[in-house]
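K.L.:
structure here, sequence nowhere to be found:
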């Protein structure tokens, strides 16, 4: 559900009609894999990470339903990656320590904001630290409830960075196939 980018290789439709799928299929898969080798590291480097799950889920997926693949997807598979990429509308996330979403938000507050006991005139010690975490979590949730979250647009930025390289890789694949077709004709 993250940003989608489509790349059309000019001349591929004609080659798909003219060439044997046994020759065309492996060449297309090889081109897609080379494009993935270039793109995946760039996506991972641009992605903001907290737990690293979205970055670890980033991969290349190639259409294997046909002898000649028609598409390839490059990007994260984590269910929350689109929220990181595109941001969210205003909503009030859970803040309690019993729900999964609340625990994640509390953990983010603890790691990122590092609230300390005694902040804002609160108690010292472990009880004071827990209260500071509760207060900071509520304030973050209230801000998300008012403004939502800002997207990082890492997919758009990554594809803009590697677009020329991908075009070169897929263009070279097309040219090689055209030479092969001319040789066999």
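P.N.:
Thanks, I have it. These numbers come from a predicted model, not from an experiment.

K.L.:
so which elements touch the helix-or-strand element of the chain with minimal mean pLDDT?
P.N.:
Least confident helix or strand, the chain: helix 12-18 with a mean of 78, by mean pLDDT, DSSP states H and E. Contacts defined by 3 or more CB pairs under 8 Å, 6 or more residues apart in numbering; DSSP states H and E place helix 12-18 against helix 154-184. (Glycine included, C-beta is placed from N, CA and C.)

K.L.:
tell me the buried residues in the helix it packs on?
P.N.:
Using 16 or more other CB atoms under 10 Å as the test for burial, helix 154-184 gives 154-156, 158-159, 162, 166, 169-170, 173-174, 177, 180-181.

K.L.:
what do you get for stretch 32-42?
P.N.:
In stretch 32-42, counting by 16+ other CB under 10 Å, buried: 32, 34-36, 38-40, 42.

K.L.:
ok, residues contacting it?
P.N.:
Stretch 32-42 is contacted from outside by 58-60, 62, 69, 72, 74, 158-159, 161-162, 165-166, 169-170, 173, using CB atoms under 8 Å, 6 or more residues apart in numbering.

K.L.:
any regions of the chain where pLDDT drops low?
P.N.:
Within the chain, the stretches with pLDDT under 70 are 1-6, 8, 118-123.

K.L.:
middle-most residue in it, spatially?
P.N.:
residue 76 (3.8 Å; CA atoms, centre = their mean).

K.L.:
quick revisit: tilt between the helix or strand following the least confident helix or strand of the chain and helix 154-184?
P.N.:
As assigned by DSSP states H and E, the chain's next helix or strand after helix 12-18 is helix 21-46. For helix 21-46 against helix 154-184, the angle by axes from the mean of the first three to the mean of the last three CA atoms, to 10 degrees is 160 degrees.
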